[in-house]
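[1] Whatever this is, show me its structure:
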Amino acid sequence: KMIQYFQKRTLKHLEDRKIRRTRLVSKEGHCNIEFGNMRYHKPLAFLMDFWTTVVEIRWRYVLFIFCGSFLSTWFFFALLWYSVAKNNGDLYVQNPPANHSFCVLNVQGLTSAFLFAVETQMTTGYGYRVPMDVCWTAVTLLSFQSSVAPLIMTCLCGVILAKISMPKKRAKTVSFSQTAVISKQGDNLCLHLRVANLRKSLLIGKQIYGKLLRTSVTPEGETVILDQVNIDFMVDAGKDNLFFICPLTLCHIIDKSSPFFEMSVDTLHKQDFELVVFLDSTTESTSSSCQVRTSFLPREIQWGYTFLPIISRSKEGKYKVDFSNFNKTKQVTTPHCTYCFYNEDAHLPVEFKGRVNQGFEGIEINDAADMTNM
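    Modelled structure (predicted):
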């Protein structure tokens, strides 16, 4: 049993890994696409857009650039201070005379020059090592380093601040349901999915829409790998100006203009498409725009199911959201295809077209039928 359990877990892991690779957009919103032969198309484009490149790279590279920038500038100015001291004869190995005019006091070598460069760039005062006003070279170098140091610190701190406040982090607190369902809602057959804002701060200016990605063939015979079909979503309150304070159930009406109109419970999971859902909004606290996205494969759409309720009200009159039922569904009565739902004649039996049996004889009974007690 233990071996069978691990075999099932391994097969499930490999299957899930294969599905993740075939997705264009993962459940977390990451795009699974690879750019090839970039060297043939503007190879210096990323260097020209240096700020965006630095902000979007991984944290380990940002920290490496942060530390490397300070160390490189300290070492660079240490070489300059060492050159100034050596050219002026300030080093002890040069045996300066008693009446020698120093450019920098107590700079004895490259190590002390490095410490002096760090002290000049990171502090506002001096201690054991002091620049002298009699040397114009030292004054010029001191002014140059004091001008460059704030610029470097400002750029690096700006990168750190921009990376911390990226809208992608706010998108982590907006969650979509793991599956979508198809069931009846009023007089329509609808595709439903859920979205929840895990923070109490609101998202304003929301826009919800979807794209159905599939491979199609044009009338001219051209194969379009990523053919995009618009999917409109709405909630009971309308399509725009949503009050996103609690989880919402998004609804797409399956009508003749919907790409789901030709599908049924038997053919849905045999289809080859990917439904990508987008939520564009603005964060109330930072006024920054963010986009949340997820995707659904045919196997992640349940026909004939609906979501369990998650909003309730306590005895004290307080509203509660039970996230344990966020992804849970239950089976409901649903037509097996859209055509059957919108055409009631499809449910009726066809007209009987048989022949009358000529050998059948009818008899007439005059007595009243006896009542039989069961």
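[2] Show me where this protein dips below the pLDDT cut-off.
    In the predicted model, the chain carries pLDDT under 70 at residues 1-2, 5, 12-21, 36-45, 124, 236-242, 344-374.
[3] Now do the helices for it: every range, in order, please.
    Secondary structure of the chain (DSSP state H): helices located at 2-22, 45-48, 50-56, 59-88, 110-122, 136-164, 167-171, 338-342.
[4] Distance to Met263 and mean neighbour count added to the ones you listed, as CSV?
    Where you see a C-beta, it was placed from the backbone N, CA and C, and this is true even at glycine. Output for those, formatted as CSV (distance: least, C-beta to C-beta, whole Å; neighbours: other C-beta atoms under 10 Å):
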stretch, distance to Met263, mean neighbour count
helix 2-22, 20, 10
helix 45-48, 42, 10
helix 50-56, 38, 13
helix 59-88, 43, 16
helix 110-122, 66, 19
helix 136-164, 43, 14
helix 167-171, 30, 16
helix 338-342, 7, 16
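[5] Run the chain-centre distance for stretch 65-76.
    The chain centroid and the centroid of stretch 65-76 are separated by 33 Å under C-alpha atoms, centre = their mean, to the nearest Å.
[6] Need the nearest residue in space to Ala149, chain neighbours excluded.
    Leaving aside its sequence neighbours, Ala149 sits nearest to Gln121 (C-beta to C-beta, 6 or more residues apart in numbering; 4.3 Å).
[7] Apologies, that question was intended for Gln185.
    Nearest residue to Gln185 in three dimensions, chain neighbours excluded: Cys251, at 6.5 Å (C-beta to C-beta, 6+ apart).
[8] And stretch 231-244, end to end?
    Start-to-end span of stretch 231-244 (C-alpha to C-alpha, to the nearest Å) is 20 Å.
[9] Reformat the helices of the chain as a markdown table; add distance to Ile225.
    Shown next, in a markdown table, are those (distance: least, C-beta to C-beta, whole Å):
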| stretch | distance to Ile225 |
| --- | --- |
| helix 2-22 | 13 |
| helix 45-48 | 24 |
| helix 50-56 | 26 |
| helix 59-88 | 33 |
| helix 110-122 | 54 |
| helix 136-164 | 34 |
| helix 167-171 | 27 |
| helix 338-342 | 27 |
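[10] So which of the ones you listed is nearest Asn230?
    Asn230 sits nearest to helix 338-342 of all the helices of the chain, at 18.2 Å, using C-beta to C-beta.
[11] Give me the contacts around that closest one.
    Here helix 338-342 makes contact (C-beta atoms under 8 Å, 6 or more residues apart in numbering) with 184, 189, 254, 260-264, 335, 346-347.
[12] Can you flag the buried ones in those?
    189, 254, 260, 263, 335 (16 or more other C-beta atoms under 10 Å).
[13] closest to Ser147 among the residues you listed?
    Using C-beta to C-beta, Phe260 is the member of the buried ones among the contacts of helix 338-342 that lies nearest Ser147, at 63.5 Å.
[14] got a list of what the closest residue to that closest one other than its chain neighbours touches?
    Spatial nearest neighbour of Phe260, excluding adjacent residues (C-beta to C-beta, 6+ apart): Ile254 at 4.7 Å. The neighbours of Ile254, taking C-beta under 8 Å, 6+ apart as the test, are 182, 188-191, 260-261, 338.
[15] Try it again at 10 Å.
    Counting by C-beta atoms under 10 Å, 6 or more residues apart in numbering, Ile254 touches 182, 188-191, 260-261, 263, 338, 341-342.
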